[in-house]
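Have a look; sequence and predicted model below, questions after that.
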Amino acid sequence: MSGLFGVVAEKNCPEILFYGTDYHSHLGAKRAGLAVLNNQIERSIHNISTSQFKSKFIDELSQLKGSAGIGVISDSEPQPIIITSSFGTFGLVFNGLLANKDKLTKSLMRRGKSFSEMSSGQINSVEVAGKMIASQKNILAGVKHFFDNMTGSASMLILAKEGVYAIRDKLGRTPLVVAKKVRQLAVASENSAFANLGFEPIKELLPGEVVLLTKRGLKVKAVGKKNDEKICAFLWIYNGFPASSYDGQSVELVRERSGKNLAKNDQIEADLVSGVPDSGIAHALGYAKASGIPYRRPLVKYTPGYGRSYTPLKQTTRDQIAKMKLIANKEVVKEKKIIICDDSIVRGTQLKNQGVNKLWQAGAKEIHGRIACPPLMFPCQYCLATRTRKELITRRVLAQLVGKKVDDDQAKKYSDDKSKEYQKMICLISKELGLTSLKYQTVDDMVAAIGLPKKRLCLECWLGKERKK
């Protein structure tokens, strides 16, 4: 996943662009980039896998000049990409996954297009999107052409001489929000990026909507469709920042409601409730409030300098981050029955090796896992986070249960939380993680916690791809 930020100001915009982009640091841990328009487009891209965004870009801030700019923090390829076309030069940042990149690349090559932005020997998806857009008569025609031919997910910002175009994914899987300040407009993936910059949110883009931010105001260039929305439910459970909201639903409050759902009908007697820092905390607070069991901190995060162990793509990096960032508080843990809440179990890296094991080593009497995200049964087809089935702990234990690799139809049988197959799977996951017991929030309870109609949420990670009728 990536975080996008764009701004159009009356005079100079780089300081706003710098801080607005930095407020998306929780969405990426690999690369970051800024592009500013000042007669021509100037860009800067840095690797942030071993350092924070601010430390990489702060020395360049005084050198950047311009009244409009775009920024990105990402786990994907280097960006922004600068494209020169028949209708002018533009910069592009991208949040999503171009699932049919190879097909589009071959199509462009047959028409004589070449690619220069390589990453680890691979053609850059953002450049493919940019070349698709540049192949048409103008930006709007290019965006339509791209959306008509791509599969996957894509929300984008385009920096052009006329301003900043904001384009939300055609099914709205990732959000974009526009905000205003005196004689300034900004757009962001997270509306929490605006408050400290003095901006007031004024518009959430609809799926497929295109707007243009200029010094003269905001213009809708292509109308979106609310009925087409399939926003990612994982935004509320894990990816989103607690102070953000999407479609009017607060991330923090959704997580608290998820914790309350987990406490519902839970008969476990425990001494304390805790959350795995940071995104498990609100879930745990909701559980504690509903159950009456006190909230304590048996696991403490040493420093925000350690990134998320879920986001980095290398397993060794995830393992190292998970190992170093959490410290068990022995005086809180010893001889205690603990309910530990977490946002999700994807691979099991953090919860097992550096959460549960540390609590046992610190003297816990019982450890009961309560997970806000239902069991992830299918890899995400719309972002880079989980790309293969073998990464998912559910698929690993299913292979043990049935003695062979399971196909998607078999996996769907185990996703029914009322089935015996589901209970067998949960028991085996609990055993693998070293837990006394394990309980997941159900898909229906998660949907209720989010507070939007089920049909407007992307639930493919849990239920599989919908079959077209």
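It's in. Residues are numbered from 1 along each chain as shown.

Next, count neighbours for residue 114.
Using other C-beta atoms under 10 Å, the number of residues around residue 114 comes to 7. The way it works is simple: take the backbone N, C-alpha and C, and place the C-beta from them, glycine included.

all strands for the stretch 1-150 of the chain, in order.
Assigned by DSSP state E, counting those that start in this stretch, the strands in the stretch 1-150 of the chain fall at 2-8, 31-38, 40-47, 68-74, 81-85, 88-98, 118-119, 122-123.

Can you add mean pLDDT and give those strands back as a markdown table?
As requested, the strands of the stretch 1-150 of the chain are exported to a markdown table (pLDDT from 0 to 100):
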| stretch | mean pLDDT |
| --- | --- |
| strand 2-8 | 98 |
| strand 31-38 | 97 |
| strand 40-47 | 96 |
| strand 68-74 | 98 |
| strand 81-85 | 96 |
| strand 88-98 | 96 |
| strand 118-119 | 70 |
| strand 122-123 | 88 |
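
Reformat those strands as JSON lines; add distance to residue 132 and mean neighbour count.
JSON lines is the format used below for those (distance: least, C-beta to C-beta, whole Å; neighbours: other C-beta atoms under 10 Å):
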{"stretch": "strand 2-8", "distance to residue 132": "18", "mean neighbour count": "29"}
{"stretch": "strand 31-38", "distance to residue 132": "19", "mean neighbour count": "24"}
{"stretch": "strand 40-47", "distance to residue 132": "19", "mean neighbour count": "17"}
{"stretch": "strand 68-74", "distance to residue 132": "18", "mean neighbour count": "30"}
{"stretch": "strand 81-85", "distance to residue 132": "10", "mean neighbour count": "19"}
{"stretch": "strand 88-98", "distance to residue 132": "10", "mean neighbour count": "24"}
{"stretch": "strand 118-119", "distance to residue 132": "18", "mean neighbour count": "14"}
{"stretch": "strand 122-123", "distance to residue 132": "13", "mean neighbour count": "16"}
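
Figure out which of those is closest to residue 202.
Of all the strands of the stretch 1-150 of the chain, it is strand 2-8 that lies closest to residue 202, at 13.6 Å by C-beta to C-beta.

now that closest one against strand 88-98, angle please.
On the basis of axes from the mean of the first three to the mean of the last three C-alpha atoms, to 10 degrees, strand 2-8 is oriented at 150 degrees to strand 88-98.

Show me what strand 2-8 is packed up against.
Judged by 3 or more C-beta pairs under 8 Å, 6 or more residues apart in numbering; DSSP states H and E, strand 2-8 is in contact with helix 14-22, strand 68-74, strand 88-98, strand 152-160, strand 163-167, strand 184-188, strand 210-214.

quick one: which of these is nearest residue 248?
Of all those, strand 184-188 sits nearest to residue 248, with 16.3 Å by C-beta to C-beta.

Give me the helices and strands touching the closest one, please.
Applying 3+ C-beta pairs under 8 Å, 6+ apart, one finds that strand 184-188 contacts strand 2-8, helix 14-22, strand 163-167, strand 177-181, strand 210-214.

With respect to burial, which of those scores highest?
Burial of the helices and strands packed on strand 184-188 is given as mean neighbour count (mean count of other C-beta atoms under 10 Å); strand 2-8 ranks first at a mean of 29.

gap between that strand and the chain center?
The chain centroid and the centroid of strand 2-8 are separated by 15 Å under C-alpha atoms, centre = their mean, to the nearest Å.

Just checking: what are the partner strands of that strand?
strand 68-74 (antiparallel), strand 184-188 (antiparallel) (DSSP bridges).

got any ranges where the stretch 301-450 of the chain has weak pLDDT?
Across the stretch 301-450 of the chain, residues meeting the criterion (pLDDT under 70) sit at 304-322, 384-387.

Swap in 50 and give it another go.
Residue ranges of the stretch 301-450 of the chain with pLDDT under 50: 309-310.

will you turn the helices and strands packed on strand 2-8 into CSV that also has distance to residue 406?
Formatted as CSV, the helices and strands packed on strand 2-8 follow (distance: least, C-beta to C-beta, whole Å):
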stretch, distance to residue 406
helix 14-22, 41
strand 68-74, 32
strand 88-98, 24
strand 152-160, 25
strand 163-167, 38
strand 184-188, 40
strand 210-214, 41
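
quick one on the thing from earlier: among the strands paired with strand 2-8, which comes closest to residue 371?
Proximity to residue 371 (C-beta to C-beta) singles out strand 68-74 among the strands paired with strand 2-8, at 26.8 Å.

now do the same end-to-end measure for stretch 113-133.
With C-alpha to C-alpha, to the nearest Å as the measure, stretch 113-133 spans 12 Å from end to end.

now that stretch, how far from the centre of its chain.
Between the centre of stretch 113-133 and the centre of its host chain there is 23 Å, according to C-alpha atoms, centre = their mean.

Buried residues, that stretch. List them.
Neighbour-count burial for stretch 113-133 flags 117, 123-133 (criterion: 16 or more other C-beta atoms under 10 Å).

follow-up on the earlier one: looking at the strands of the stretch 1-150 of the chain, spot the one closest to residue 170.
Closest approach to residue 170 among those (C-beta to C-beta): strand 88-98, 10.2 Å.

Parallel or antiparallel, which strands does that closest one pair with?
strand 81-85 (antiparallel), strand 152-160 (antiparallel).

Distance to residue 35 added to these, as a markdown table?
As requested, those are arranged in a markdown table below (distance: least, C-beta to C-beta, whole Å):
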| stretch | distance to residue 35 |
| --- | --- |
| strand 81-85 | 7 |
| strand 152-160 | 5 |
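
coming back round to it: ok, the buried residues of stretch 113-133 vs residue 98, which is closest?
When the buried residues of stretch 113-133 are compared for distance to residue 98 (C-beta to C-beta), residue 125 comes out closest, at 4.2 Å.

Leaving out sequence neighbours, find the closest residue to that closest one.
The shortest distance from residue 125 to any non-neighbouring residue, by C-beta to C-beta, 6 or more residues apart in numbering, is to residue 98 (4.2 Å).
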